[in-house]
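Colleague: My questions are about this predicted structure, shown below with the sequence.
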Amino acid sequence: MTVAELKKMARQIRRDIIEMTHAAGSGHPGGSLSATDFVTALYFHKLRHHPDDPCWEGRDRVIFSKGHVAPVLYAALARSGYFPCAEYASLRQYGANLQGHPCNCTPGVEVGTGSLGQGLSVIVGMALAAKLDGRDNLFYCVNGDGEMQEGQIWEALMAAGHFKLDRVLTFIDYNGLQIDGEVEKVMGIAPLADKLRAFRWHVAEVDGHDMQSLVDVLDEFPRGDGRPVAIIGHTIKGKGVSFMENQAGWHGKAPNDEEYAKAMAELAGED
Amino acid sequence: MAKGITWSIEDADHMTQAEIYGEVLTQIAKKNKKIIAMTADLAGSTKIGRFQKDFPERFFNVGIAETNMMGIASGLAATGLIPVISTFAAFAALRCAEWVRTDLCYQKRNVKIIATHSGTSFGQAGTTHHCTEDFGVMRAMAGITIIAPADAYETAVAMSQAIDMDGPVYIRIGRSFEPPLHKSIDSFDFQIGKAIQLHDGTDLTVIATGRTVNGALEAAEIAAGQGLSVRVLDLHTIKPLDTEAILKAVMETRRIITVEDHNVYCGMGSAVADVIASSGKGCVFKKLGLQDVFSIVGYPDDLLHYYKMDADGIVEAIQQVMKMDFEQDEDWEDEV
């Protein structure tokens, strides 16, 4: 896809997020919307996968360690062709595959996540196995900024640096907000880039909504220098829906009918 | 030796449970290239370092980061490898409980956990390094298999059978040398999920697991000298439970004592109690173990004695239970 097409897809995915959280009556639109541009660039520009063969051995692996942004993951999977968009209506419904947090019963979901801090270790394990076998798969993780407060994250960062897993890339969705408010007020994580570099990671800081920058940084991966890559994506929680932007309250709340109509009107059009 | 077995052991009479699983695992790994060994800075203490000697490229020490180890193991297993991870029981079961649940059991990962220094077997290290809660924590995990081998021979077979089966397995062993229960590797029939009857009896059944089995057997012999016929079951698998053997003990002896180096709440005894209660049959029942207390410090054998989990304590319990009466229901004779 061209950058213009990617932007169009990102807009579609934002509509999908609003659609499914509204239908479910609950869910996490805020962080889903902030991660949308990276997720779009990853799934529709970079990722090696066969949606019609989800278990294809040669596929790259993706783990959403911030599992609560399941809506953006489901939208990327459906738009990639893993399952029909009609399944959006089943989000969070009785017995559905599309749980509130990802379950690997869903085609395209590698790992069930939701307990923050756990995903990066798992991607480290997958990358370690590939390194051992000499396979050339790539390994992606999506982390939240608040999630960096979890101790296990730093254990996993240390391990990835130590084992020189340069086929691992994590996107840190740095929207600056978590459930209880501003990340820096709840438990400061700055200076994040310095910390990551100190853990032997290569760090790229980008505007997490600038599609060209995201594509460029993904194109530089893997670098083959023994360092895993962290993209610190400076993002806006709720990006694309004016009344959700930069509002911690939209972390885990679904739009009502009125809000839904307003959001969809704002997201109408192509880009 | 059974068909297909790719390992052999010598001198097991003098090896600890940890030494023997390290040896067996290393031998199996010569044929099975999928096996990966991991530890969190306890290669020497847990004896998984034995594997590292032969297969350094398939051995990962993640440093002092147990939860990270569980996550990495989950990722390794997701690609078809078989991670065998070893750390102290207190860390494997308690510190990592959520990781065992979410990363291993929920995702159905083929990971084997060798939890060493379990129960009070780390004696002098003290309470933080004992683990008398792991049966309870692990029993609550859907889809896991829990094995507590009684001696080095059982540990060898358990290790081997755990590799042969798919899914997460928790093997609970002690820290130091346990006197051999069995005479040789061929002298007993070990199958995951099947209790081993070590001594037959009709008056009472003692069900023991792990390092309490030797004491149970000794107690049965002492009781025989007092004219009592005591059955001893080695319940090496806590999950899945051998309900058949337990029900048989209920029906045939009507008196059961359980012995475990674990809190009596939520442990093996509680699992046995579930079976007794569900049977609808009358049965006198007593649980030996830690009576909902934190362990004291001391030599491992002294702690077994202190908590009445050794032969003396079990004999005392046998005498108490034989004095306890219960109402026989109308169909008593039919049932027995």
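Modeller: Sure thing, it's come through. This is a predicted model, so every value here is computed, not measured. Residues are numbered from 1 along each chain as shown, chains lettered A, B, ... in the order given.

Colleague: Check which helix or strand residue 30 maps to.
Modeller: Here I'm looking at chain A. Using DSSP states H and E, residue A:30 sits in helix A:29-41.

Colleague: Oops, wrong one, chain B.
Modeller: With DSSP H and E as the test, residue B:30 turns up in helix B:17-31.

Colleague: Grab the most central residue of chain B for me.
Modeller: residue B:148 (1.1 Å; C-alpha atoms, centre = their mean).

Colleague: Quick check: that residue vs residue B:169, distance?
Modeller: According to C-beta to C-beta, to the nearest Å, residue B:148 and residue B:169 sit 12 Å apart. Heads up, the C-betas are built off the backbone N, CA and C, glycines and all.

Colleague: With residue B:32 instead?
Modeller: 15 Å.

Colleague: In terms of packing, which of those two has more residues around it?
Modeller: In this view residue B:32 and residue B:169 are compared by other C-beta atoms under 10 Å in any protein chain shown, and residue B:169 has more residues nearby, 24 against 13.

Colleague: Tell me who's in contact with residue 34.
Modeller: Looking at chain A here, since you left the chain open. A:173, A:175, A:208, A:235, A:236, A:237, A:238, A:239 (C-beta atoms under 8 Å, 6 or more residues apart in numbering or on different chains).

Colleague: Chain B is the one I meant
Modeller: By C-beta under 8 Å, 6+ apart, the contact set of residue B:34 is B:80, B:81, B:82.

Colleague: Pull out the buried members of those residues.
Modeller: Among these, those classed as buried by 16 or more other C-beta atoms under 10 Å in any protein chain shown are B:81, B:82.

Colleague: of all the contacts of residue B:34, which comes closest to chain A?
Modeller: The closest of these to chain A turns out to be residue B:81 (C-beta to the nearest C-beta; 5.4 Å).

Colleague: Please, where are all the helices along the stretch 1-150 of chain A?
Modeller: Secondary structure of the stretch 1-150 of chain A (DSSP state H, counting those that start in this stretch): helices located at A:3-24, A:29-41, A:70-80, A:119-133.

Colleague: care to break chain B down by domain?
Modeller: B:12-172, B:196-322 (automatic domain parsing).

Colleague: residues touching the residue nearest the centre of chain A, list them.
Modeller: Central residue of chain A (C-alpha atoms, centre = their mean): residue A:142, 4.1 Å from the mean position. Contact partners of residue A:142, counting by C-beta under 8 Å, 6+ apart, are A:35, A:38-39, A:62-66, A:69, A:119, A:170-171, A:173.

Colleague: what do you get if the cut-off is 10 Å, keeping everything else the same?
Modeller: Applying C-beta atoms under 10 Å, 6 or more residues apart in numbering or on different chains to residue A:142 gives the contacts A:31, A:35, A:38-39, A:42, A:62-67, A:69, A:72-73, A:113, A:119-120, A:123, A:169-173, A:231, A:233.

Colleague: Next: residue A:251.
Modeller: Residues counted as contacts of residue A:251 (C-beta under 10 Å, 6+ apart) are A:28-31, A:68, A:146, A:175, A:177-181, A:237-238, A:244.

Colleague: residues near residue B:283, how many?
Modeller: For residue B:283, using other C-beta under 10 Å, the count is 21.

Colleague: Quick check: it touching residue B:277?
Modeller: Yes. Contact criterion C-beta atoms under 10 Å: residue B:283 and residue B:277 qualify, at 9.1 Å.
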